[in-house]
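# Everything below, folded, please.
(2 chains)
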2 protein chains.
Amino acid sequence: MSKPLILVTNDDGIEAKGIKELIDTIVPLGDIIVFAPDGPRSGMSNAITVNTPLRFKKIEMCDNVLRFACNGTPTDCVKLALHSGVLHRKPDILLSGINHGSNAAINVIYSGTMGAAFEGCENSIPSIGFSLANYDGKADFNFFKPYIIKIVKEVLKHGLPRAVCLNVNAPIGEVKGLKITRQAWGYWTDEFEKRIDPNGHSYYWMSGYFKNEEPANHQTDEWALANGYVSIVPSIIDLTAHDFVDEMKTWNL
Amino acid sequence: MSKPLILVTNDDGIEAKGIKELIDTIVPLGDIIVFAPDGPRSGMSNAITVNTPLRFKKIEMCDNVLRFACNGTPTDCVKLALHSGVLHRKPDILLSGINHGSNAAINVIYSGTMGAAFEGCENSIPSIGFSLANYDGKADFNFFKPYIIKIVKEVLKHGLPRAVCLNVNAPIGEVKGLKITRQAWGYWTDEFEKRIDPNGHSYYWMSGYFKNEEPANHQTDEWALANGYVSIVPSIIDLTAHDFVDEMKTWNL
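As a prediction, this is how the structure comes out:
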């Protein structure tokens, strides 16, 4: 029986520690092909490149893993990996990450890591985004690894429903266990730092922090991270607010 | 009673015909402030700018509408409009568009127009993205306008549930009516055109077309557009696949 074909990507770029640690973790689970951005693409969401040509090239590192680096977004990387002819067959699974930083709560919609997972999902490939709640480029991913193996094995076994992929986030440090949760509601605040350039003109850096608006005992993804658990949110790319359709049909439209 | 404050943005840039037509359409409905990208940002999804400073400046056009142009993404524009101090109060509604091109089906996740609407929604502002299924920069928006007015009035009257905004798409030409629909399932195919540059290196342009995978009689957004109706999909930024959570809890995790 042939080994599963695993497509790996991320948004921190092909040289980030997180993607290297992900590759090391999953080597025993299948044949790996990496197709990742040639540099950082944090916050790129599901962005696609429509007005600039895309390029990619093979990258050699000190192992036998086939790697391609691309000048596009994480979503471009998945599209090109699948549709440019570099793969001899459709991947059995797509893994994105490990992201340096949490993609819990609303961060899922800004995340390039999850953008890549959504693109795999849209192409009917079981897809998982992995993120560690630590922005440090030298973060320790070791506590996360046994959970990654367990989750990948279960997804290879069960598959995932149409339009659904997994948003997996790990807390920093020792892990108590794993929880299947839901996306927390909350918002970013103090989002900009205003500065004045040497010519006297204003400019703004994005910054701020996330404010969780959920009751303290609700088992959301933010709750899991705050309490030492790996969080899995099954996440769907059918954005239809099905529960609201009937109410809206009573409007005077 | 004060008039509603309407925040207007888009992803085709502040000089696009679509945003000008949107502004003309809604002038009778409230006080308008425009905060839009300084050029095209198609396909930018919910991307945010984290590694480059953001700037914006006031733009004068031949009317009394207050306009700001920004070097960021549509999502950045909404964040900056709300959090940089240019607004004297929170907007009553956010309108994004009118986009030159459909944002039906999976295009909702790549769309900068909808990225802006999602950001308004995340900030608890009733938000609507408007798109016309015509990429022509000189497209005729006239058939769409009475529907825009009707929809904006109803949203101002009823509000929208938490985490829900509207994805409104119009067909080209005469309109038969309006349908509240759901996001069609389908996929893009033939996504790249490969070319060789003068130095002999490959490069790829994103292209292709959308293949609708829904049964012909299912009343999705694609169905509405193909049959001459304006489509409204209420769209949610809680991406949790709630229906799958229980099944996933039976896995060996």
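
# residue ranges for the helices of the stretch 51-200 of chain A, please.
Remark: helices assigned in the stretch 51-200 of chain A by DSSP state H, counting those that start in this stretch are A:74-83, A:107-110, A:112-122, A:145-158.

# can you put those helices in TSV and add distance to chain B and mean neighbour count?
Where C-beta positions appear, they are placed from N, C-alpha and C, glycine not excepted. TSV is the format used below for these (distance: least, CB to the nearest CB, whole Å; neighbours: other CB atoms under 10 Å in any protein chain shown):
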stretch	distance to chain B	mean neighbour count
helix A:74-83	5	27
helix A:107-110	5	27
helix A:112-122	6	31
helix A:145-158	5	17
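
# Among the ones you listed, which comes closest to A:Glu21?
Of all the helices of the stretch 51-200 of chain A, the one in closest proximity to A:Glu21, counting by CB to CB, is helix A:145-158 (7.5 Å).

# I'd like the average pLDDT over that closest one.
Here helix A:145-158 scores 98 as its mean pLDDT.

# Please give me every residue in contact with the residue lying closest to A:Ser231 once chain neighbours are set aside.
Excluding the flanking residues, the one nearest A:Ser231 by CB to CB, 6 or more residues apart in numbering or on different chains is A:Ala224, at 3.6 Å. The contact partners of A:Ala224, taken as CB atoms under 8 Å, 6 or more residues apart in numbering or on different chains, are A:104, A:169, A:171, A:179, A:181, A:230-231.

# Turn these into TSV, including neighbour count.
TSV is the format used below for the contacts of A:Ala224 (neighbours: other CB atoms under 10 Å in any protein chain shown):
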residue	neighbour count
A:Ala104	29
A:Asn169	29
A:Pro171	22
A:Lys179	19
A:Thr181	25
A:Val230	28
A:Ser231	31
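
# Just the ones of the residues you listed in strands?
Assigned to strands by DSSP state E, the following of those qualify: A:169, A:179, A:230-231.

# what residue ranges in chain A score low on pLDDT?
Applying pLDDT under 70 to chain A flags residues A:1.

# all strands for it, in order.
Using DSSP E, the strands assigned to chain A run over residues A:5-9, A:31-37, A:56-59, A:66-70, A:93-100, A:127-132, A:164-170, A:177-180, A:186-189, A:192-196, A:202-206, A:209-212, A:229-236.

# out of those, which comes closest to B:Phe56?
The nearest among the strands of chain A, by CB to CB, is strand A:202-206 at 8.2 Å.

# tilt between the closest one and helix B:74-83?
Counting by axes from the mean of the first three to the mean of the last three CA atoms, to 10 degrees, strand A:202-206 points 110 degrees away from the direction of helix B:74-83.

# name the helices or strands packed onto strand A:202-206?
Packing contacts for strand A:202-206, counted by 3 or more CB pairs under 8 Å, 6 or more residues apart in numbering or on different chains; DSSP states H and E, involve strand A:192-196, helix B:74-83.

# try 10 Å
strand A:192-196, strand B:56-59, helix B:74-83 (3 or more CB pairs under 10 Å, 6 or more residues apart in numbering or on different chains; DSSP states H and E).

# residues in contact with the closest residue in space to A:Pro234 that isn't next to it in sequence?
Take A:Pro234 and drop its neighbours on the chain: the residue closest to it by CB to CB, 6+ apart is B:Ala241, 4.1 Å away. By CB atoms under 10 Å, 6 or more residues apart in numbering or on different chains, the contact list for B:Ala241 reads A:160-161, A:163-167, A:182-183, A:233-238, B:247-248.

# before we move on, the earlier item: which of the ones in strands among the contacts of A:Ala224 lies closest to A:Leu156?
Nearest to A:Leu156, judged by CB to CB, of the ones in strands among the contacts of A:Ala224 is A:Val230 at 18.0 Å.

# in stretch A:205-221, what's buried?
Buried residues in stretch A:205-221, defined by neighbour count with 16 or more other CB atoms under 10 Å in any protein chain shown: A:205-206, A:210, A:212, A:214, A:219-221.
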